[in-house]
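Participant: take this sequence and fold it.
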Amino acid sequence: MHAKDILIDGYGRIREEVHAVLDGLGPEELHRRPAPDANSVAWLVWHLARVQDDHIADAFGLDQVWLAQDWQKRFGLDLPRHDTGYGHTPAKVAKVRVESAGLLTGYYDAVHEQTLGALRTLTAGDLDRVVDERWDPPVGLGVRLVSVLSDDLQHVGQAAYLRGLVQSAAA
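Facilitator: Numbering: from 1, shown residues only. You can find the predicted model right below:
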């Protein structure tokens, strides 16, 4: 197995979990927050998709799906165009409202397809290419890809836990 195959498998697991966590949720469940300063399932999934979209596009010199495929307009959020959710206050978390889980899965699937397309082009040598010089040491592509994978899995895990809380409270 090559490194790119491991990465493709890992990112595929994110997609599976995103679909599982959103399956059957209505707007109320998507937006319920267990405390005023907590995140919602909708925010967690939107954020993980935005981070993946932003970071993969930057690392591979691609346009963000959010902007290039008009997802930003489809969501119609009262947030800046390039917002990824990083550092959001509770008030900004509350602005991430969607009419259906389908909008979130649609956006995530579009991001996932762009990610897979980029990953399929990888060679072993590409993983050492520096993609972010703002850090010491500078961040290589391989490190960035694993970082996004880790961050997304953590957020989808949080969303799955929150889904369980929301559903058990409703029962």
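
Participant: tell me which helix or strand in the chain has the weakest average pLDDT.
Facilitator: When each helix and strand of the chain is scored by mean pLDDT, DSSP states H and E, strand 130-132 comes last, with a mean of 91.

Participant: what packs against that strand?
Facilitator: strand 139-140, helix 141-170 (3 or more Cβ pairs under 8 Å, 6 or more residues apart in numbering; DSSP states H and E). Where you see a C-beta, it was placed from the backbone N, CA and C, and this is true even at glycine.

Participant: any low-confidence regions in the chain?
Facilitator: Low-confidence segments of the chain, defined by pLDDT under 70, are absent.

Participant: now with 90?
Facilitator: Along the chain, the model assigns pLDDT under 90 to residues 1-2, 124, 132, 135-136, 167-171.

Participant: list the buried residues for the least confident helix or strand of the chain?
Facilitator: By neighbour count on 16 or more other Cβ atoms under 10 Å, the buried set for strand 130-132 is V131.

Participant: run the chain-centre distance for stretch 106-122.
Facilitator: 12 Å (Cα atoms, centre = their mean, to the nearest Å).

Participant: can you check stretch 95-104 too?
Facilitator: With Cα atoms, centre = their mean as the basis, the mean position of stretch 95-104 lies at 14 Å from the chain mean.

Participant: now Q72. Nearest residue, chain neighbours left out?
Facilitator: W66 (5.2 Å; Cβ to Cβ, 6 or more residues apart in numbering).

Participant: that neighbour contacts Y107, doesn't it?
Facilitator: Yes. If you go by Cβ atoms under 8 Å, W66 and Y107 touch, sitting 7.5 Å apart.

Participant: before we move on, back to that, of all the helices and strands packed on strand 130-132, which lies closest to A38?
Facilitator: Among those, the nearest to A38 by Cβ to Cβ is helix 141-170 (7.9 Å).

Participant: list the buried ones in that closest one?
Facilitator: By 16+ other Cβ under 10 Å, the buried positions in helix 141-170 come out as 141-145, 148-149, 151-153, 155-156, 158-159, 162-163, 166.
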